[in-house]
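[1] I'd like to go over a predicted model; first the sequence, then the structure.
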Amino acid sequence: MRARVRVGAVAALTSLHAPARAEPPPSGPVAEVEVHGARPAPAVGPLDPGVAGSTLRRPELERPGLTAPEALRTAVGVAVTETGGLGAASTASIRGATAAETPVYLGGVRINDDVAGAADLSTLPLWLVDRVEVYRGNAPFEADRLGIGGALFFQPFRPRSTRLAVGASAGSYGSEAAHALGTVGNAERGLLVGASYAAAKNDYAFTANDGHTEHWQNADATLVDLWLIGRTTAGKATVDVMLNHFDREQGAVRLASVQTYDARKSLTRTLGAVTGRVPLGAGATLELRTNALFATSALDDPRHEILPALGAPGARLEQRGERVEQEAAARASFGESTRARVAVQASSERLRRYESAEVHGIGPALDAERVTARVAGSAEHDVARWLAVRALLALECHSTSTGPAFGACNSLDPVARFGGHWRAGELSGFVALGRYARPPTLGELYGTSAVVVGNPALVSESGVTLDAGVRFAHALPREQRPLYATVSGYARRSEDLVTFVLSSQGYVRPENMEAARVLGLELEAGSGFGRYFAADLALTLMDFRNQTPGWALANDIYPYHSRLVAAPGVSAISPTLESHWLNQASLGARLVYQSNRYGDLAGLAVIPEQASFDLDAAVLLLDRTLWLRGRVSDLFDAKRYDVVGFPLPGRSAFVSLEVRSGSP
């Protein structure tokens, strides 16, 4: 296979069996060359190959109608929870952690909200994403929250050349989308401007509680996404700028058995980041970064179909979240065998809730703020040519208040990770022991409504993880992919988990009361064969047990987590053709199987096992300028549910057309 890629991308294959080195980024131009060879193996995370990780690259994200939740369903160790079709809320968790315990980053900015702590995957723009990095169990140093289960990084394109791409797609249940992307630049500076529009009726059929077929109502969604990414250099220093504005308007559905008709939801999110890097000398770099995120979500309920159940007066509920972060980080090398990094960070988060926002002049029912200070450091030392040991330490101070005054730390959370990374030819491995913590969200501390009240006495959730794995990678000449395999196992003990308890007065209150033990085994493997074919397999085995002292229920298996998830896939790509009309063609198929899951803590409700089969095809036309793609999701129309009462779309078909000029 012939591909135009950066030298650094090709080197990612060799990083599978070499000690991870935190080298400073190159300060000069990066040469581009034509290479012939296989793509890097996906069973590694580029930010830290010394921990369990995977990478979903651009070819896996380009299928028409594909959303971020669907893409992550095939990733090892990741559990996705959806509540409907396009635009419906969806979250991800890693290795049995909750969505609130799994930080999600978009271009380096954490997008988890201040209410429930989870990140909504439906807001993530796959049309602009170059790759998705999944770090399981241990997050890289770049994460400001190490995460009890790990972290997800969605990395957008960076402008380094002149390129133009315009695309459109259409599909089942009234879905339609369009995007435009333009870049100009070189190795020293660049600019990217992009915009997208997506909409769907989401009027798919489902089986109601009484057994008859109904169609989802008031589930339509419209999404608009605007992006600007820039990069420039001044001498040896570089500055990166990223701006994004996202709008979503949709119907507000409840359960499958209780339709709504006029309730509507909206979300507006604006985020930005400015990063500056300057070399300080041989092997040393200073980085300054400022992030800001502003989000407003609103629920309009003119018929009072939803808000009375939440105990909110009026016909509108609005929540506004803000977060501003400032970070200074440095990295340095001491000789050829020792590397170190240090970071100091300060952030401010604010959450305001307006329960009668349609009445002019009424102030917020909740106005809470959190100030966080964090210092982190890491060191890595090569004990031998084949072995590197590493340590990471961080201390976080969180001060929260509903008034203007802030006192001492409400919580002081030390986190740490110690481990090693070894290599022996084409084999490599890692082991890590870590302690992690998650502070309660502002919504958990101070409530999200009159029905879901807060608990200011909550303490941080914490966990201890032991993680180990072995990787193998072998380049196969003239094949699409190398032969690769990764096996990792882990054990985690978590305490003070936040759970919501229904009181005798009828309101719900969060409490620190649960403890859990998780054991897991993960396999990720693949290979090219027959020159034009490739196969891969992602396998996740997990045992998630409730170990809360005095647990009264006979069932101790946590709900919503499948104990077995398997995702095998095959693909084929034709040789490059010299024809002006047809240049290349590809075909792919993937099965995703999930074992059954409990739908409640008692184990009385069971979400049955489910399997979906996807088929996709693509052709490259007109001197490599026109991509025509098609995809059928859930080809055999299997019934799928993620949460009890929320059916997912059945068989769906999508087609897309994209015109490109220039190289990425």
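    Yep, that arrived.
[2] surely Ala330 is in contact with Arg339?
    No - the criterion here is C-beta atoms under 8 Å, and Ala330 misses it with Arg339 at 11.6 Å. Every C-beta, even on glycine, is put in place using the N, C-alpha and C of the backbone.
[3] who has more neighbours, these two?
    Remark: of Ala330 and Arg339, Arg339 carries more neighbours, 24 against 17, as counted by other C-beta atoms under 10 Å.
[4] so how far is Ser378 from the more buried one?
    Distance of Arg339 to Ser378, computed by C-beta to C-beta, to the nearest Å: 8 Å.
[5] need phi/psi at the most centrally placed residue in the chain.
    Central residue of the chain (C-alpha atoms, centre = their mean): Leu152, 3.9 Å from the mean position. Backbone torsions for Leu152, taken as degrees, to the nearest 10, come to phi -120, psi 130.
[6] pairing partners for it in the sheet, please.
    Leu152 has these beta-bridge partners by DSSP bridges: Val104, Val134.
[7] surely it and Pro103 touch.
    Yes - under the criterion of C-beta under 8 Å, Leu152 makes contact with Pro103 at 7.4 Å.
[8] common neighbours of these two, please.
    Residues within reach of Leu152 and of Pro103 at once, by C-beta atoms under 8 Å, 6 or more residues apart in numbering, are Ala119.
[9] what's the burial count for Ile148?
    With other C-beta under 10 Å as criterion, Ile148 counts 33.
[10] contacting residues for it?
    97, 101-102, 436-438, 461-463, 465, 492, 494.
[11] for Ser172, give me its contacts.
    Contacts of Ser172 by C-beta under 8 Å, 6+ apart are 204, 649, 651-654.
[12] only whichever of those residues are buried, select them in PyMOL.
    Per 16 or more other C-beta atoms under 10 Å, the buried members of the contacts of Ser172 correspond to this PyMOL selection:
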select buried, resi 204+649+652+653+654
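[13] nearest to Gly167, of the contacts of Ser172?
    Phe654 (12.1 Å; C-beta to C-beta).
[14] pretty sure that closest one contacts Thr67?
    No - Phe654 is beyond contact range of Thr67, at 10.7 Å (criterion: C-beta under 8 Å).
[15] who wins for most neighbours among the contacts of Ile148?
    Going by other C-beta under 10 Å, Ala97 tops the contacts of Ile148 with 30 neighbours.
[16] report the rounded mean pLDDT for stretch 298-310.
    Stretch 298-310 comes out with an average pLDDT of 86.
[17] how far away is the closest residue to Gly662 other than its chain neighbours from Ala195?
    Nearest non-adjacent residue to Gly662, counting by C-beta to C-beta, 6 or more residues apart in numbering: Arg163, 3.7 Å away. In this view, Arg163 and Ala195 are 15 Å apart by C-beta to C-beta.
[18] now do Tyr490
    Distance from Tyr490 to Ala195, by C-beta to C-beta: 41 Å.
[19] more neighbours: which of those two?
    Neighbours per residue (other C-beta under 10 Å) separate Tyr490 from Ala195, with Tyr490 holding more: 24 against 17.
[20] tell me how many other residues crowd the residue nearest to the more buried one when sequence neighbours are not counted.
    Using C-beta to C-beta, 6+ apart and skipping residues adjacent in sequence, the residue nearest Tyr490 is Asp467, 4.5 Å away. Look at Asp467: counted by other C-beta under 10 Å, it has 24 neighbours.
[21] and the longest strand for this protein?
    Counting residues, the longest strand found in the chain (DSSP state E) is strand 508-529.
[22] show me what that one is packed against.
    strand 483-502, strand 533-546 (3 or more C-beta pairs under 8 Å, 6 or more residues apart in numbering; DSSP states H and E).
[23] what angle separates it from strand 533-546?
    Put simply, strand 508-529 runs at 150 degrees to strand 533-546, going by axes from the mean of the first three to the mean of the last three C-alpha atoms, to 10 degrees.
[24] quick check: mean pLDDT of strand 508-529?
    Strand 508-529 comes out at a mean pLDDT of 92.
[25] list the buried residues in that strand.
    Buried residues in strand 508-529 (16+ other C-beta under 10 Å): 509-510, 512, 514-516, 518, 520, 522-528.
[26] before we move on, what about stretch 434-450?
    Quick answer for stretch 434-450 (16+ other C-beta under 10 Å): 434-449.
[27] just the ones of the residues you listed in strands?
    434-438.
[28] could you export the residues you listed as a markdown table, including distance to Ala457?
    Listed next are those as a markdown table, based on distance: C-beta to C-beta, whole Å:
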| residue | distance to Ala457 |
| --- | --- |
| Gly434 | 27 |
| Arg435 | 22 |
| Tyr436 | 21 |
| Ala437 | 17 |
| Arg438 | 16 |
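[29] Leu307: what's its closest spatial neighbour, skipping adjacent residues?
    Asp301 (4.5 Å).
[30] among the helices and strands packed on strand 508-529, which comes closest to Gly85?
    Using C-beta to C-beta, the nearest of these to Gly85 is strand 533-546, at 24.1 Å.
[31] Glu60 belongs to a strand?
    No - Glu60 sits outside any strand when classified using DSSP: H, G, I helix; E, B strand; the rest coil, being helix.
[32] pretty sure Leu72 is one of the things it touches, is it not?
    No - using C-beta under 8 Å, Glu60 and Leu72 do not qualify as a contacting pair, with a distance of 10.7 Å.
[33] go ahead and confirm Gly377 touches Val415.
    No - taking contacts as C-beta under 8 Å, Gly377 lies outside contact range of Val415: 11.6 Å.
[34] quick one, helices of this structure?
    7-14, 58-61, 68-72, 307-310, 442-446 (DSSP state H).
[35] just send the helices and strands packed on strand 508-529 back as JSON lines, with mean pLDDT and distance to Trp422 too.
    Below are these laid out as JSON lines (pLDDT from 0 to 100; distance: least, C-beta to C-beta, whole Å):
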{"stretch": "strand 483-502", "mean pLDDT": "91", "distance to Trp422": "14"}
{"stretch": "strand 533-546", "mean pLDDT": "94", "distance to Trp422": "24"}
